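1. A structural model of the following input is requested.
(chains A, B and C)
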Amino acid sequence: MAESGVTATVGAGRTRGQWLSTVARQRELSLVAIMFVLGGLVSVTAPQFLTLSNLSQVAVLASIVAVAAVGEALVMITRNIDLSVEAMIGLVAYCVAIVLQRHALDAPAAIALGIGIGLVLGMINGAVVTLLKVPSIVATLGTLSIFRGVDYLIAGSHQVPLAGLPPGFTDPARDSILGIPIFVLVTLLVVVIGSVVLRSTRFGRQVYAVGSNPEAAAILGIPSRLVVFAAFSLCGLLAGVAGILWVMEFGTINGTSATGTVLSIVAAVVVGGVSTLGGIGTLAGAALGALFLGFIANALILVGLSQFWLQAIYGVVILVAISADAIILRRIQRATVESRAR
Amino acid sequence: MSAPVAPGNGERRWTHLLARWETLLVVVVVGLVALGASLSPFFLTPGNFSNLIAALMEVAIMALPMTLIIVAGEIDLSVESMAGLSSAILGFLWAAGVPLWIGIPVVLLVGILGGLMNGLLVARGGLPSLVVTLGTLALFRGLALIVLGPRGVSDFPPAFTELGFGHVPGTLIPWPFVIFILLAILLGILLHRTWVGRQVYAIGKNAGTARFSGVRVTRVRVGLFVLSGLVSSLAGVILTSRLSSARADAAQGMTLTVATVVLLGGVNIFGGSGTIPGVVLAVLAVAIMQNALRLASVSVEVQSIALGLLLILSVVIPNFAHQAKSALDRVRRGRPPPADSIAHGEAAVS
Amino acid sequence: MELRSAGRSIALASVAVLIFSACSGSSTPSPSAAPSVAAPSAAASAAPSAAASAAASAAAGPITVGYLPKDIVNQYFAAAKTGVDKAAAETGSKVIQVGPNEAKPDLQIPFITDLTTQKVGAIIISADGKDEVAPALKLAMAAGIKVVGFDSSPAVGAYDVFVNQVDFSGVGVNLADWACELAPSCTGEIAILSAAATATNQNAWIDLMKTTLKLDKYKGLKLVDTVYGNDDATVSTTQAQGLLTKYPNLKVIVAPTTVGILAAAQVVKQAGKSATVKVTGLGFPNDMKPFVKDGTSPVFGLWSVPDLGYLSYQVAAKLISGEITGKEGETFTVKGLNGDKPYTIGKDGVVILGPAFRFDKTNVDNFNF
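-> Below is the predicted model of the structure:
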């Protein structure tokens, strides 16, 4: 009796695992498929959609969101949320821009500074959540106000114009290597490294474990607080990278830079298949989600729909994405129950 | 109610009171008033109080149903967009010649429908409210933009403007404040004195158990989101009146402030505890703080930082107080205290 | 019961509110937003005495003015403030700058009411939305505070004088002319990149530009789109990029906003399209110098923004001292401006700083702002 029970559990476990990775691949594949279909449809009315220059620009703009979305996905997989990402991006962007304008540091040092600031901000979030035991939605709502306030405090009414940056600093936003825009390469690098860590290291498994069942993780001896702290710190680091990309892309930076982007970042993550309930989702999915949303925004503009339809369509996309998630999840649960009953 | 058990019960009630966030809020409010008075000679002028309250009233009104929703363990991010959508529709109808006495009820109905959408997706569809209302946050705002486009409608009759900007005749009490207090009393009674309120707390503590105890979980959840949609719509009407202009981007950014005020009011984000009076006090605290700092020409940035810190402290301090209380108990009794929940203020659980 | 203590505190708070409002009801005239006849007469009895005493003391001495721009991040208003500060320094007066971080009308209202509470002598405001700020401004005026609009006007009746930086129709014609000049043979697609969709000034300029474009001279120009950058550098950049993508045959981007023109010029330059797409509009010489040189933006215009601030302050001071009241036909002189010739207040209390100034490669280097 016990034996069959054990076999059943092991069998169910393998089935669930298989299901989850199938689902992840399904989500990513569906996004790519929809983009293909959309691309075809749009290019009928607007042939300039499928040009390399247009697609490159879409990918470049989406890269900024994608890098931040990878960090956010990491946090969300641990069953937390980070609402302060936009403030981290803005603060890093301004700090990097201002040290460059004042010639206090050269480009490589400024970039290192930006990443460092992002990391520190992420660690602050992590500390508030794990040490002070504040629920992440409250903690990051608070740090959103604090970081943005610090950003305005430092920036005042000053604005760093494009001309204030060292010549060539903004080139990576427009240059490509072997035809692939540099920003896209950066995103790919982040996704690949992140995915390898999540899939093949113990840390990665712990991240998923903490997110899908915190109590079980604690019983198994996983240092949940450390894992969550690491997730928030990495999210901050990636927000720092996104901030640097922001400076390169837009050039003009002031205290309000990056305001309002948290919606697109969380939307990208959700559309990419990461669940707010934790334990489910991939980093590649989050990056693809960002690309997908950028794609739609661009398609809308080219098809001639006014920019005012964009918000509504984003909303519909989010709702469809999570409904799909829920349906798939229920199918997993049913499959797990069935295989356990076998 | 059981009779006092041990001689130290009076002290127990004291620490209980101190550990209560609402008490702390009263201290904070009083402290802020003192701070305001010291920072600026204009703070205690009569007209000032009405001003400081007026600017925050739409947020305050939306914070009331949000309190119930968070106590029930959910969240509604779409409140600002519903307010914006109702402003846009009201403006659209007015510009098209539809009189306000038809336009306003239509807009309130839209609020109910929007809330229904949220409620059904969450309660029937089983989808997490955070993401559903994130989607409707975008969707409703998008609809507002489609309805009204980029420009605004502003030739409203002065009688309408009076609603949002005027005062009860003979006093300086702004009308929106009256609406807020009435709504607070209504929802306060609902949450703290009725069976519905108990159900809300029960769902927030443990939805599964609540369902087995006969609570109509789905019905209550849907009802809460409908309430939120309706009240957000009302807030949109008041905002349109106060600004004497209908815009598609009305109320943008308010969700964050609403959530902050509710959490500051001591409502637990995980659900199951929190009070309406606490949220009312938090509204006062935030309004006073913003006004005092503005009058003292303290920058908006510092206010932003202060608000964020206050929000984090609103969780940290009761945590510490609770831990201190437990430690004190342990020292006094020499045995571990019973595992009871944090005294964030709950309706008496049977 | 636990709830009693909480209930007590809310009762305390409400009582406090009622006490405050009850006290006030008797001592000050009850301000009402309804533009009825009753309010001004009630205010008139109390306010002029206050205003008169303030005026008497302010006529010679220093005053305090509130400076409330559309937002405090926009460099345009920082430039205008230098003029305001310079004028204030001449009489040892004080300038309080307040304002939101984003150009949204509802964000300006609390600042107006607070300045009113602080009883400043005058409020100098560039309105994010002309109607939204009107009720609060009218209350300020009823309390004896002078309201000087500049750059972007509040609704008529909600200010004493509006200092218009430029004649609207003049700018409308200028914008059309520059677009015509930059499009090959005055023919081709053009697009407008504006500020916020509610901005009074930009909307007025654009409307007049569209009227001008109907003339025969401009019949080769086709206005394909108007997009809004909200005076935000990031939004303006993405909008400009969108224009380039959507309209591959675009010839000119017209941006009547200093934030927008800079963003558009940067975008065009970095897309490598400076030869085929030109950028014009209203911009700062310091921002645009490199783009004049490399041909992205050969022609654009503006006016002396610091002078705008200087004039606004002087108007405020003259209103406070009683030298002018904002009625049509009144004249006054400001030393150092308008060639020392008098300004005349026009219809609806409008004073015009002067004509727009055209910048191109022959003169842009002579200016430093």
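2. which SS class is the most centrally placed residue in chain B?
-> Nearest to the geometric centre of chain B sits residue B:63, at 1.6 Å (C-alpha atoms, centre = their mean). What DSSP: H, G, I helix; E, B strand; the rest coil gives for residue B:63 is helix.
3. same check, this time on residue C:358
-> With three-state DSSP as the basis, residue C:358 sits in strand.
4. so for it, what's the nearest residue that isn't a sequence neighbour?
-> Once flanking residues are discounted, residue C:358 sits nearest to residue C:301: 4.9 Å by C-beta to C-beta, 6 or more residues apart in numbering or on different chains. Heads up, the C-betas are built off the backbone N, CA and C, glycines and all.
5. what's the answer for residue C:235, then?
-> Closest to residue C:235 by C-beta to C-beta, 6+ apart is residue C:229, at 5.0 Å.
6. that older thread, measure the residue nearest to the centre of chain B to chain A for me?
-> Separation of residue B:63 from chain A (C-beta to the nearest C-beta, to the nearest Å): 14 Å.
7. could you do residue C:310 as well?
-> For residue C:310 relative to chain A (C-beta to the nearest C-beta), the value is 19 Å.
8. how near is that residue to residue C:89?
-> 11 Å (C-beta to C-beta, to the nearest Å).
9. and for residue B:169?
-> 45 Å.
10. would you mind listing the buried residues in the strand or helix carrying residue B:22?
-> Under the criterion of DSSP states H and E, residue B:22 resides in helix B:21-39. By 16 or more other C-beta atoms under 10 Å in any protein chain shown, the buried positions in helix B:21-39 come out as B:21-26, B:28-30, B:32-33, B:35-36, B:39.
11. would TSV of these with distance to residue C:81 and pLDDT be doable?
-> Compiled in TSV, the buried residues of helix B:21-39 are given as follows (distance: C-beta to C-beta, whole Å; pLDDT from 0 to 100):
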residue	distance to residue C:81	pLDDT
B:21	43	77
B:22	44	82
B:23	45	82
B:24	41	80
B:25	39	85
B:26	41	87
B:28	36	84
B:29	36	87
B:30	38	89
B:32	31	84
B:33	33	87
B:35	29	84
B:36	27	83
B:39	24	80
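12. now, which of the residues you listed sits nearest chain A?
-> residue B:21 (13.0 Å; C-beta to the nearest C-beta).
13. can you tell me the closest non-neighbouring residue to that closest one?
-> residue B:266 (3.4 Å).
14. for chain B, which residue gets nearest to chain C?
-> With C-beta to the nearest C-beta, the shortest gap between chain B and chain C falls at residue B:46, namely 2.8 Å.
15. that residue and residue B:173 touch, don't they?
-> No. Under the criterion of C-beta atoms under 8 Å, residue B:46 is not in contact with residue B:173, lying 10.9 Å apart.
16. what count of nearby residues applies to the residue in chain A that chain C sits nearest to?
-> Taking C-beta to the nearest C-beta, chain C has its nearest neighbour within chain A at residue A:252, 3.8 Å off. The burial count assigned to residue A:252 is 25, neighbours taken as other C-beta atoms under 10 Å in any protein chain shown.
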